[in-house]
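S.K.: dropping the sequence and predicted coords here.
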2 protein chains.
Amino acid sequence: MTSSTADVGAQLDLDAARAAYDELRAHGLSLDLTRGKPSSAQLDLATPMLSLPGEHYRAADGTDTRNYQGMQGLPELRGLFSPFLRVPVEQLIAFGNSSLELMHDTLVHALLSPLPGADRRWVDEERVRFLAPTPGYDRHFALCERLGIELVQVPMTADGPDMDVVEEIVAVDPSVKGIWCVPKYSNPDGAVYSDDTTRRLASMPAAAPDFRIFWDNAYAVHHLTEHEVEIADVLALAADAGHPDRPFVFGSTSKITLAGAGVAFLGASPANVQWWLALTAKRTIGPDKTNHLRHVMFLRDADGLREHMRRHRELIAPKFAAVNRILTERLGSVSGVHWSRPAGGYFVTLIVPDGTATEVVRLAGEAGIALTPAGATHPYGTDPEDRTIRLAPTFPELAEVERAMYGVTDCVRLALAAR
Amino acid sequence: MTSSTADVGAQLDLDAARAAYDELRAHGLSLDLTRGKPSSAQLDLATPMLSLPGEHYRAADGTDTRNYQGMQGLPELRGLFSPFLRVPVEQLIAFGNSSLELMHDTLVHALLSPLPGADRRWVDEERVRFLAPTPGYDRHFALCERLGIELVQVPMTADGPDMDVVEEIVAVDPSVKGIWCVPKYSNPDGAVYSDDTTRRLASMPAAAPDFRIFWDNAYAVHHLTEHEVEIADVLALAADAGHPDRPFVFGSTSKITLAGAGVAFLGASPANVQWWLALTAKRTIGPDKTNHLRHVMFLRDADGLREHMRRHRELIAPKFAAVNRILTERLGSVSGVHWSRPAGGYFVTLIVPDGTATEVVRLAGEAGIALTPAGATHPYGTDPEDRTIRLAPTFPELAEVERAMYGVTDCVRLALAAR
């Protein structure tokens, strides 16, 4: 997906491009491709949950889910997600409605209490840095920015972060305390980490004794094809390599059941789990177990979860297909323009010639098509090549996705023709 | 509630006390008066919630509660609780299932980002201290201990903290950044802050520009009598006194609806609310709005909430009456023994002669009656006079409360007779 420096504008007729764009603007659209939000139809799939658990509020072990306590979350829900997240059930925590907050709180705990293996709290370090495989997820980057953790950009490849770069930095720089990873169907480019990438991450030497992988397996079961892509077991590989405490695995049901009312998961080594639960026990008496039970009653088991995700796929795969079809039709012969064809997840990355992404997003906005700001996929919101655009096609209806994508391609054509 | 130093043991016959205790032990009880947990019967009152919101998942303004966003929480739920918490609806945040976590996160935010009015982050201060009116709530104290905030004990009176002591410390010591308050039916002694106490807290000079009152109004509607005790409006008083940013008001429905699946609230000045929401927006995309809606559909309005709390009172007032009746019957004539007669809340404080609380708790434990450890009501778990015992009578059935209290009085009588 490298960008060509050839004069691609020459292929496009400026007058025709401007006429098409003017017609687009005249439609007065109001379309939104900014965020990875499920559509109403997707949420409808899980709406029967909202009548659960009813009178059946006891967990399998007799626990009254209505009352306090149960810090680690409902065992049967952890059991259901354990194989999908590749975390042993006793090392898996089920918590609130947001995996982002589990990541935030884990960073906060590390800032204010030494991690297993650490000499001191991160606030007592001169500087704390995280590797940011780029393009990546803007909310990961924003967490670090908010907490005073510096981001060090490393390039993404089709197999995950460029491991030669990662290994070289991590081996020598003890201020590098972690790396952000979305290992399956990554946000935004849909990359799937190769087993070799995962093995190298799990086993590489690290100058920081408390180096951590923030393994955000956000799209563990979010396949766009019938093939269920699987990634390597980072916890097992790290333990085998003598670094059992290195990975924190995150996941959630926000894009499985209900975006605002799902359950988030944290998995890690026994030492990390004990550390996290002890600190969290000061913060709260426990997560909402009725929502855990609601999830178990609705999803039932591994087959129920697979079947549910198949229904999601039926709703969203046509939207991704439309994005690809329209990009191919309208921009397939334009050199310097490329895009991802993800096999899962929530995003398509559109690469335009260097220096034009901001203009495309501006043109789209003026035509009533909201796109994520150019640069959002990069640390500190700046894409030095100004070429990366993240498209999120799940929320609008299919017809709206098609209309929006025709509009986006009009904007790309005009931006290139006008250069 | 001061303790007498007279030789109260002389009133009690050691042989008779030991015989009674031996009989108690022979029963092999297993009773628990440790925590302020609602009983199953109380939770049953709100169990119809667990079939809500069903298909009616839209908020009053049309918001789809199933999806992401809505950081401040559902407006209609904030509107319902606004008058009870005395926080204007636009300054009230409805969030997750735990007010303790809102307090924790507010402390964390202040440690890692300057509060409105602050020169710097609390982690950059040489020391940070909080006033701990004592006896108080062990989880408040544990939060500070976990986060490296020192606790400075100040005495409680029947009208709230001893304000002469509070004012003297706060006026001169800029390391004192806050005070813990449970202003209504306080944990554990049931005190209600007088209007004068609240006014002095809101208006006193403070050496720290970022001094905060953590106003945990946990029992705002938890009356044990028909008289609805009200406390002064701390936000309004602080604003009138020129300290609008001083109070953070907390509350929750954990002891209104479901202990593990309620909704917590945070109220403060516009500047504090903006500060809190901006930092929290990095942490999560928003709270579980389906649970907010569930609460509104179930409680309906102010009258619905009052009626619901009346049902709680019917269940728990007899337990508090039994505690008082048995203490009066068995210890009423024993000098040096006193207890609170709260008009609301979840606890009774039993004061025994100096140096005997630990022994009473030990004797009770050996007889199968779990009591909160002596000292738990004090910072760092140490009651220097060893005289304060917290009793929590809500969770066991009434007959169990009665049995447990007869047992506790046996333990007190033996501990005093054996001195």
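M.R.: That came in fine, so what should we check first? Numbering: from 1, shown residues only, chains lettered A, B, ... in the order given.

S.K.: please enumerate the strands of chain A.
M.R.: With DSSP state E as the criterion, chain A has strands at A:31-32, A:92-94, A:129-134, A:150-157, A:160-161, A:176-181, A:212-216, A:247-252, A:264-267, A:338-339, A:348-351, A:369-370, A:388-391.

S.K.: which among these is found nearest to chain B?
M.R.: Chain B sits nearest to strand A:264-267 of all the strands of chain A, at 9.5 Å, using Cβ to the nearest Cβ. Backbone N, C-alpha and C define where each C-beta goes, glycine included.

S.K.: distance from the closest one to the middle of the chain?
M.R.: Centre-to-centre, strand A:264-267 and its host chain are 14 Å apart (Cα atoms, centre = their mean, to the nearest Å).

S.K.: how about the residues of the stretch 1-150 of chain A near chain B?
M.R.: Within the stretch 1-150 of chain A, the positions lying close to chain B (Cβ under 8 Å from any Cβ of the partner chain) are A:35, A:37-38, A:40, A:43, A:46-47, A:50-55, A:57, A:64-70, A:96-98, A:100-101, A:104-105, A:108, A:111-113, A:123, A:139, A:142-143, A:146-148.

S.K.: how about 6 Å then?
M.R.: Along the stretch 1-150 of chain A, the residues adjacent to chain B under the rule Cβ under 6 Å from any Cβ of the partner chain are A:37, A:43, A:50-51, A:53-54, A:57, A:66-68, A:96-98, A:100-101, A:104, A:108, A:123, A:142-143, A:146.

S.K.: from those, keep the buried residues only.
M.R.: Buried residues within the residues of the stretch 1-150 of chain A next to chain B, defined by neighbour count using 16 or more other Cβ atoms under 10 Å in any protein chain shown: A:37, A:43, A:50, A:53, A:57, A:66-68, A:96-98, A:100-101, A:104, A:108, A:123, A:142-143, A:146.

S.K.: just the ones in helices from those, please.
M.R.: Mapping those onto helices (DSSP state H) picks out A:43, A:100-101, A:104, A:108, A:142-143, A:146.

S.K.: and which of those residues is nearest to residue A:401?
M.R.: residue A:43 (17.0 Å; Cβ to Cβ).

S.K.: residue contacts, that closest one?
M.R.: Neighbouring residues of residue A:43 by Cβ atoms under 6 Å, 6 or more residues apart in numbering or on different chains: residue B:66.

S.K.: how close does residue A:74 get to chain B?
M.R.: 11 Å (Cβ to the nearest Cβ, to the nearest Å).

S.K.: related to what we said a few turns ago, what's the most distant pair in the ones in helices among the buried ones among the residues of the stretch 1-150 of chain A next to chain B?
M.R.: A:43 and A:108 (30.5 Å).

S.K.: the closest residue to residue A:193 other than its chain neighbours pairs with what?
M.R.: Distances taken as Cβ to Cβ, 6 or more residues apart in numbering or on different chains put residue A:160 closest to residue A:193, at 3.7 Å, once the chain neighbours are dropped. Beta-bridge pairing for residue A:160 (DSSP bridges): residue A:157.

S.K.: neighbours around the residue lying closest to residue A:265 once chain neighbours are set aside, how many?
M.R.: The spatially closest residue to residue A:265, leaving aside those adjacent along the chain, is residue A:251, at 4.4 Å (Cβ to Cβ, 6+ apart). Residue A:251 is flanked by 27 other residues according to other Cβ atoms under 10 Å in any protein chain shown.

S.K.: quick one: residues contacting residue A:378.
M.R.: Shown in contact with residue A:378 (Cβ under 6 Å, 6+ apart): residue A:134.

S.K.: tell me the phi and psi of it?
M.R.: Torsion angles at residue A:378 (phi, psi; degrees, to the nearest 10) stand at phi -120, psi 150.

S.K.: any idea how far it lies from residue A:301?
M.R.: Distance of residue A:378 to residue A:301, given as Cβ to Cβ, to the nearest Å: 41 Å.

S.K.: for residue A:190, same thing?
M.R.: 28 Å.

S.K.: what about the two, which has more around it?
M.R.: Comparing residue A:190 with residue A:301 by other Cβ under 10 Å, the one with more neighbours is residue A:190, at 24 against 12.

S.K.: hmm, residue A:342 and the more buried one touching each other?
M.R.: Yes: between residue A:190 and residue A:342 there is a contact at 2.7 Å, judged by Cβ atoms under 6 Å.

S.K.: which parts of the stretch 251-400 of chain A sit against chain B?
M.R.: So the stretch 251-400 of chain A meets chain B at A:258-261, A:282-284, A:288-290 (Cβ under 6 Å from any Cβ).

S.K.: rerun that using 10 Å as the cut-off
M.R.: Neighbours of chain B within the stretch 251-400 of chain A, by Cβ under 10 Å from any Cβ of the partner chain: A:254-255, A:257-264, A:278-294, A:395.

S.K.: for residue A:174, give its distance to chain B.
M.R.: Here residue A:174 is placed at a distance of 21 Å from chain B (Cβ to the nearest Cβ).
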